[in-house]
Structure formats: structure tokens, C-alpha cells
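Predicted structure and sequence below. I'll ask about it afterward.
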Amino acid sequence: MSPTSDRLLTVADGCLVLSHRLSEWMSNAPTVEEDIALGNIALDLLGQARSLLSYAGSLGDPVRTEDDLAYFRDERDFRNVQLVERPWGRDRPDFAVAMARLLVLSCYLHALYSALVTSTDETVAAVAAKAVKEVDYHRDHASMWVVRLGDGTDESRDRIQAALGEEWRYVDELFDGSFVPPSLLASGVAVDPSMLRPAFDARVGAVLAEATLAVPEVIPAVTGGRRGVHTQQMGFLLAEMQHLTRSHPGATW
Amino acid sequence: MVTAQAWDVAASVPDPEVPVVTIEDLGILRSVDVDESGAVQVAITPTYSGCPAMDTIRADLHAAFGQAGYDDVRVDFVLAPAWTTDWLTPEGRRKLEEFGIAPPTRRPEPGGVVPLTLSVRCPQCGSPDTRELSRFGSTSCKSLWACNVCREPFDHFKAH
């Protein structure tokens, strides 16, 4: 794996795993419009993941396809942050958790893609220019829901505040720049995630203020997704995502 | 001359999701080149990153060129510059509206003056008194609206 390819996987795997998790909401969201919205968002993220995986695979030796990377890598080879792999609630899926996470990740991805539009790598810049317009819609959607839930009933407010508290333990990992090779920063291919924090804090802070919610103060979780260290749930997620392709390698439809 | 003919072949391919418009009308068709040996190279760009119609469009292009007598055809996907609804042709906008899909409104200039959001006109009865039901519609490129006058729901092609 080249440094560029490895760095691309941190973004690509994040989009892929989040897309898979979001697809679990299909037919389970509060309304049919929301099923469709979350399905659309999952599809956008899958498209971004495919572009990035295809490019990452093309840089490796041997060259690997998007499917090789998505379906035939094991847990320790995935480079996504832990936030995207977490289930949507402890006992059962909670829509408040979904909106809290979508707000955090769409604000993060918007800041990331906005910065990568000027990447010196042409393909990265092209994917980012396309993706930034898509995550703008996702951010808008999550913001509207977080405001509605936060400034809603006692029940909705308690649940979104609790969800934010749980999700927030995994926010610092998004902005940890220690895994980015200095050579990629110097050449202008990658951006230092820690530089994205002010834009993220400003945007999320504004949404939470409008929603009359507090920015959580929590002790960050011990994480390591970008080094391939994942939570227990990641193995179950991959089993579901990969089993069909692994059972029938090379199958097409 | 040869390239112009090949362009017409590619431009006749309808969009699989909205078959009343062609891939040329939508601005998806970016370039068509024919080299001296007669090999055709077509470049298309997705509306959204996850657009599931791209593989179908590629297959439809191969079929259209096959029928027109071209046998050496390559279809590439390009991402830059990113597709925008500004590339919809006036003809494409007209056909969308006739089909019952409200065409996109003007897109705000990045960093420039944000235009007033004019209401989306109902493609069935023409009333500007409409409301958005969901930002996300039946495909990535559309949102779901309803008309307050004729009460009909309709799709709106999102400005993007």
C-alpha cells in the first residue's frame, strides 16, 4: 500500500461502512420519506466510497478493484474511524442516534471535502468537488432533524441529547492527524484533519444552539480505527456485508 | 464529420430513469471522439457519485453504437468537472416539465450572491403555490414536492 492509497482508505472505508449502517434504516425509519432520504444518503456515500476505493486500489501493487477492497479485506485491514461502525443504539435502533451521528459525520465530511477540493492529486480533488455538494444535503437534513428533536418534546429532547453524548466520545478520533504521513501533507495531497476542527465546531455548535441542546462534555473513547483497531460490532457488520460475495466469489448479476 | 455523426448516436441514448430526456439533454454526455481507425471514445459523467444508472447508460451506449455500425467503442466515466444542473439544455428542461418533473431552479453562485429562492412551479397546473415534502425523492437527483392548489405530488429536479 502506498501512503496515498492508505490515506484514501481511511476516507473510503468510512463512507463504505457508514453507508452500510445507514442502509439498515431502509423500512425501519419513522416515515417512508425518511426511509428514502436515508437510502439516498447511503447511496451518495456508497458512490463516494466506490470512487475512492477504485482509485486506492489502482495505486497498489498488485492493483486491486473496488470489490477486492470492499469484500475481501478482513477487519484489521479496514481504516475507518470507529464512529461509523457503531450500531444505532444499545438495545434497538434509535433514530436520535442516527441523526446525531449524521450531523457529526456530515459536518466533518463537508469540512474534509471542502479542503480536499484543492488537493494536488487530481482524482482526489475531482471526487471531493462532487462529494462536497452531496454531503451539503446530508448536513442540511441532519441539521433540520436535530433542531426538530432538540427543540421538540421532552422525550425527543432527552433522546437526542443522550445520543449526542454517546456519539461525542468518538468525535476526537475524526480530527486525530497523527496517522497522516507528513509527506502527503507537504505535497498537498492530503489535509491535516486537526485543521478541520474549527469549521466543524462552529457548524455543529450553531445547530446545537438552535436546537437548544448542549455541546456534550465527555471523556473520549479509546479508539484506533485508522490503525485497524475496531469495536466488537465491526466483525458482525463485515460478516453481513461480505458474506454473499465471499460465498460466491466472482458472481455477477 | 465522423465525430459529429458519432455524437448524434451517443446523444440519442435516453436516460434510463427519465426516458423522455437524453443523456445529452441532461449534460451527462461530455465528449465523443473518433480516431483514424474508427475507434470511438465516449466520456460520460454521473449526476451524483452513487448514481446507479451509470452502468445501464454505458450498456445502452454500446448497444446504440453497435446498431449504428461502430464496433470499437470505449465508454469512460469522468468526475471532473463535477456535473451541475446548469448543464441541462433548455430542451431538456422543457421535456422534464412536460413529463411532470419540475426543472431545477437557479443555483447559487459559490461565494456569490445567493438568489432569492423562487418557488417551484407545479408541473401539472402551473401554480407557484407548492411545498417541499422531502428533500430526498425517488432518485438522488430529485426532491419530492406537492402542489397546494391541484393537490398533486410531483418530483422536482434538485438544483445541484
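Arrived safely. No experiment lies behind these values; they were computed from the predicted model shown.

and the helix or strand hosting A:Val207, what does it pack onto?
Assigned by DSSP states H and E, A:Val207 belongs to helix A:197-210. Contact partners of helix A:197-210 among helices and strands, from 3 or more CB pairs under 8 Å, 6 or more residues apart in numbering or on different chains; DSSP states H and E: helix A:95-116, helix A:122-150. Yep, even glycine has a C-beta here, placed from its N, CA and C like the rest.

mind listing what's buried in that helix?
A:197, A:199-200, A:203-204, A:207-208 (16 or more other CB atoms under 10 Å in any protein chain shown).

could those residues be laid out in CSV, adding distance to A:Arg90?
CSV is the format used below for those (distance: CB to CB, whole Å):
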residue, distance to A:Arg90
A:Arg197, 28
A:Ala199, 31
A:Phe200, 26
A:Arg203, 28
A:Val204, 23
A:Val207, 24
A:Leu208, 22
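
would CSV of those residues with pLDDT be doable?
CSV is the format used below for the buried residues of helix A:197-210 (pLDDT from 0 to 100):
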residue, pLDDT
A:Arg197, 97
A:Ala199, 97
A:Phe200, 98
A:Arg203, 98
A:Val204, 98
A:Val207, 98
A:Leu208, 98
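
The helices and strands packed on helix A:197-210: which one's closest to chain B?
Chain B sits nearest to helix A:122-150 of all the helices and strands packed on helix A:197-210, at 3.6 Å, using CB to the nearest CB.

so what's A:Gly228 closest to, chain neighbours aside?
Counting by CB to CB, 6 or more residues apart in numbering or on different chains, A:Gly228 lies nearest to A:Arg76, which is 4.2 Å off, once chain neighbours are set aside.

what angle separates the helix or strand hosting A:Asp35 from helix A:122-150?
A:Asp35 is part of helix A:32-59, with elements assigned from DSSP H and E. Going by axes from the mean of the first three to the mean of the last three CA atoms, to 10 degrees, helix A:32-59 is angled at 160 degrees with respect to helix A:122-150.

Helix A:32-59 vs helix A:95-116, what angle?
40 degrees.

Just the CA atoms of the helix or strand just after helix A:32-59, as CSV, please.
Using DSSP H and E, the helix or strand that follows helix A:32-59 in sequence is helix A:66-71. What follows is helix A:66-71, C-alpha atoms only, in CSV (Å, rounded to 0.1, in the frame of the first residue of the first chain):
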residue,chain,number,x,y,z
GLU,A,66,-13.1,-1.7,-5.5
ASP,A,67,-14.8,-5.1,-4.9
ASP,A,68,-11.4,-6.7,-3.8
LEU,A,69,-11.1,-4.0,-1.3
ALA,A,70,-14.7,-3.9,-0.1
TYR,A,71,-15.4,-7.6,0.1
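
related to what we said a few turns ago, how about the residue nearest to A:Gly228, secondary structure?
helix (DSSP: H, G, I helix; E, B strand; the rest coil).

That one: how many residues sit nearby?
11 (other CB atoms under 10 Å in any protein chain shown).

Please tell me how far B:Glu24 sits from B:Ser31.
Distance of B:Glu24 to B:Ser31, computed by CB to CB, to the nearest Å: 12 Å.

These two: which has the busier surroundings?
B:Glu24 (21 against 14).

could you list every residue that touches the closest residue to the more buried one other than its chain neighbours?
Computed as CB to CB, 6+ apart, the closest residue to B:Glu24 that is not its neighbour in sequence is B:Ala11, at 3.8 Å. The contact partners of B:Ala11, by CB atoms under 8 Å, 6 or more residues apart in numbering or on different chains, come to B:22-24, B:29.

With A:Asp151 instead?
Applying CB under 8 Å, 6+ apart, the residues contacting A:Asp151 are A:157, A:210-212.

can you do 7 Å?
A:211-212 (CB atoms under 7 Å, 6 or more residues apart in numbering or on different chains).

so what's the backbone phi/psi at it?
Main-chain torsions, A:Asp151, degrees, to the nearest 10: phi -100, psi 40.

Tell me the confidence at it?
With respect to pLDDT, A:Asp151 has a value of 96.

ok, now the one 10 residues further on?
According to the prediction, A:Gln161 has pLDDT 98.

Please identify which helix or strand holds it.
helix A:154-168.

B:Arg30 now?
Counting by DSSP H and E, B:Arg30 is part of strand B:29-34.

What is that strand packed up against?
helix B:2-11, strand B:40-44 (3 or more CB pairs under 7 Å, 6 or more residues apart in numbering or on different chains; DSSP states H and E).

The residue in chain A positioned nearest to chain B: neighbouring residues, count only.
Nearest to chain B, among the residues of chain A, is A:Gly47, at 2.8 Å (CB to the nearest CB). Other residues near A:Gly47 come to 24 when the count uses other CB under 10 Å.

wait, what's in contact with it?
Here A:Gly47 is in contact with B:48-51 (CB under 7 Å, 6+ apart).

ok, now B:Leu133?
Contacts of B:Leu133 (CB under 7 Å, 6+ apart): A:33, B:144-146, B:153.

Assign B:Ser49 to helix, strand or coil.
Per three-state DSSP, B:Ser49 ends up coil.

for it, what are its contacts?
A:44, A:47-48, A:51, A:130-131, A:134.

residues near residue 129, how many?
Here I'm looking at chain A. So A:Ala129, with other CB under 10 Å, has 19 neighbours.

think we crossed wires, I meant chain B
12.

so it touches B:Val149, yeah?
Yes. Judged on CB atoms under 7 Å, B:Asp129 makes contact with B:Val149 at a distance of 5.3 Å.

Fine by me, thanks again.
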